[in-house]
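Novice: A predicted structure for the sequence below; I have some questions about it.
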Amino acid sequence: DVKVTQSSRYLVKRTGEKVFLECVQDMDHENMFWYRQDPGLGLRLIYFSYDVKMKEKGDIPEGYSVSREKKERFSLILESASTNQTSMYLCASKRQGVSNYGYTFGSGTRLTVV
Amino acid sequence: AQSVTQPDIHITVSEGASLELRCNYSYGATPYLFWYVQSPGQGLQLLLKYFSGDTLVQGIKGFEAEFKRSQSSFNLRKPSVHWSDAAEYFCAVGAPNQAGTALIFGKGTTLSVSS
């Protein structure tokens, strides 16, 4: 069964900490995405990567960075965590190409910044 | 601007009753259209998708959706709801012929099922 695995389901971090959220997919997908989900706001795109070492800003990239050194792994980095970054973070991947247009999502990481 | 609107934040239906969840989009051309479902504490699962062709598409778990170009809508339906359908539902649009772009999601509709 194909999978997108997010390393932590729940995470509690302190304000000012540097936080790493990891996402690994085993489907050899070229494209990977990080979304943030908040009640009443739906999913908002933070960053995406269409290939190794490539990245594109989404709608809300401020306060975040990403790393894609290997095809299977896409990391989201909170440079200095703040309480307004408390949220559910969802990673997704898809194969490049129009005919394969459909995301596979991980189960999410619920991050609390205190 | 490209956007997806799900007008209903929360819907409650009785078990066995029919369901329709609304989705309207604003896009320059006919986009690719998707419905996802999210059970509590889980990631999103694809229910169905529309690329082209027949405007009525069938998905998993007995769901279907109809694309109406004139109304810029892609409403999700199910003839008889089961208690296990209680979840949050997201409509999404994607750019056709633009690989490497990201989906735009609506804000979601929470479905509650009463017995």
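Specialist: Perfect, thanks for sending it.
Novice: how far does stretch B:14-27 sit from its chain's centre?
Specialist: Taking CA atoms, centre = their mean, to the nearest Å, the mean C-alpha location of stretch B:14-27 is offset from the chain mean by 7 Å.
Novice: now check that stretch, is it near chain A?
Specialist: No: for stretch B:14-27, no contact with chain A is found by CB under 8 Å from any CB of the partner chain; the gap never falls below 11.9 Å. C-betas here are computed from N, CA, C, even on glycine.
Novice: give me the neighbour count for residue B:60.
Specialist: By other CB atoms under 10 Å in any protein chain shown, 10 other residues sit near residue B:60.
Novice: phi, psi of it?
Specialist: phi -80, psi 170 (degrees, to the nearest 10).
Novice: contacting residues around it?
Specialist: With contact taken as CB atoms under 8 Å, 6 or more residues apart in numbering or on different chains, residue B:60 is in contact with B:46-48.
Novice: so which of those is the closest to residue B:31?
Specialist: Nearest to residue B:31 among those is residue B:48, at 14.6 Å by CB to CB.
Novice: any idea how far that closest one is from chain A?
Specialist: Per CB to the nearest CB, to the nearest Å, residue B:48 is found 10 Å from chain A.
Novice: tell me the most packed of the contacts of residue B:60, by neighbour count.
Specialist: For the contacts of residue B:60, the largest number of neighbours (other CB under 10 Å) sits with residue B:47, at 23 neighbours.
Novice: and residue 104, bridged to which residues?
Specialist: Answering for chain A, as no chain was given. For residue A:104, the beta-bridge partners under DSSP bridges are residue A:93.
Novice: not what I meant, chain B
Specialist: Per DSSP bridges, residues listed as beta-bridge partners of residue B:104: residue B:93.
Novice: is it true that it touches residue B:91?
Specialist: No: shown here, residue B:104 and residue B:91 do not form a contact pair, counting by CB atoms under 8 Å, at 9.5 Å.
Novice: tell me the confidence at the spatially most central residue of chain A?
Specialist: With distances taken as CA atoms, centre = their mean, the residue of chain A nearest its centroid is residue A:34 (2.8 Å). pLDDT for residue A:34: 97.
Novice: check contacts around residue B:88.
Specialist: Counting by CB under 8 Å, 6+ apart, residue B:88 has contacts B:37-38, B:108-111.
Novice: check contacts around the closest residue in space to residue B:73 that isn't next to it in sequence.
Specialist: Of all residues not flanking residue B:73 in the chain, residue B:24 sits nearest, at 5.2 Å (CB to CB, 6 or more residues apart in numbering or on different chains). Contacts for residue B:24 (CB under 8 Å, 6+ apart) come out as B:4-5, B:7, B:71-73.
Novice: ok, 10 Å please
Specialist: Contacts for residue B:24 (CB atoms under 10 Å, 6 or more residues apart in numbering or on different chains) come out as B:3-7, B:68, B:71-75, B:91, B:106.
Novice: ok, now which ones touch the spatially closest residue to residue A:57 that is not a sequence neighbour?
Specialist: Of all residues beyond its chain neighbours, the one nearest residue A:57 is residue A:47 (6.1 Å), with distances taken as CB to CB, 6+ apart. Going by CB under 10 Å, 6+ apart, residue A:47 touches A:32-35, A:55-61, A:64-68, A:74, A:76-77, B:102.
Novice: from these, which land in strands?
Specialist: Residues from the contacts of residue A:47 lying in strands, with DSSP state E as the criterion: A:32-35, A:56-57, A:64-68, A:74, A:76-77.
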